[in-house]
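Undergrad: model this:
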Amino acid sequence: MQVRRFSSDMKTKIPGNHPGLYGVPIQFERGMIPDDQMEAVAQRVNGLPILLDRPMLVVAFYLEPHGNMEEHSTDVPILFLVTEGKGFVRIGGPNGETREVTVGDAVLWPAGLDHMVWTEDEALSAIVIDGPPEREAAR
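TA: Predicted structure coming up:
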């Protein structure tokens, strides 16, 4: 059995231009961390995430009030599960669709589309699942 604690007391700053955004990696693909870097990664992120032999990434996000994740796109779909607080999400760039999100909301950001999240006066916590590409339709 593997157990990975991901409470907010374990959070570290997310690299990049993401003011007020912290995270705890819960699960990584085993190949993402070379064996000789395991100890350094464990120290940087307060312990090793669960390592699986599959192309998937699971991270707990902690966004402070007035924080944001810089707009970007990914090659795979992202599932964003709000577990605490409220904020806003946008898909499709500066003129894209914007929605307020709160506890219990699940957002799917399709691959290849710009997306972002931000908060105003309240913090937001979420689980982010960065999964493999969708399966092709059965023939």
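Undergrad: list the buried ones in stretch 105-114?
TA: Of all the residues in stretch 105-114, those buried under the rule 16 or more other C-beta atoms under 10 Å are 105, 107, 109. All C-beta atoms are positioned from the backbone trio N, CA, C, and that covers glycine.
Undergrad: Remind me which helix or strand residue 39 belongs to.
TA: helix 38-44 (DSSP states H and E).
Undergrad: Just the residues contacting that helix, thanks.
TA: 12, 33, 48 (C-beta atoms under 8 Å, 6 or more residues apart in numbering).
Undergrad: How about stretch 66-76?
TA: 14, 16-21, 55, 61, 63, 90, 93-94, 109, 111-121, 123, 130-133.
Undergrad: just how off-centre is it within its chain?
TA: Computed by C-alpha atoms, centre = their mean, to the nearest Å, the separation of stretch 66-76 from the middle of its chain amounts to 9 Å.
Undergrad: what would the buried residues of stretch 105-114 look like in a markdown table with distance to residue 26?
TA: Below are the buried residues of stretch 105-114 laid out as a markdown table (distance: C-beta to C-beta, whole Å):
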| residue | distance to residue 26 |
| --- | --- |
| 105 | 19 |
| 107 | 18 |
| 109 | 18 |
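Undergrad: mean confidence for the strand ranked longest in the chain?
TA: Ranked by residue count and defined by DSSP state E, the top strand of the chain is strand 78-91. Per-region confidence: strand 78-91 scores 97 on mean pLDDT.
Undergrad: Now the element after the helix holding residue 39, going C-ward?
TA: strand 50-52.
Undergrad: Quick check: neighbours of that next one in the sheet, parallel or antiparallel?
TA: Paired strands of strand 50-52, with direction, are strand 21-29 (parallel) (DSSP bridges).
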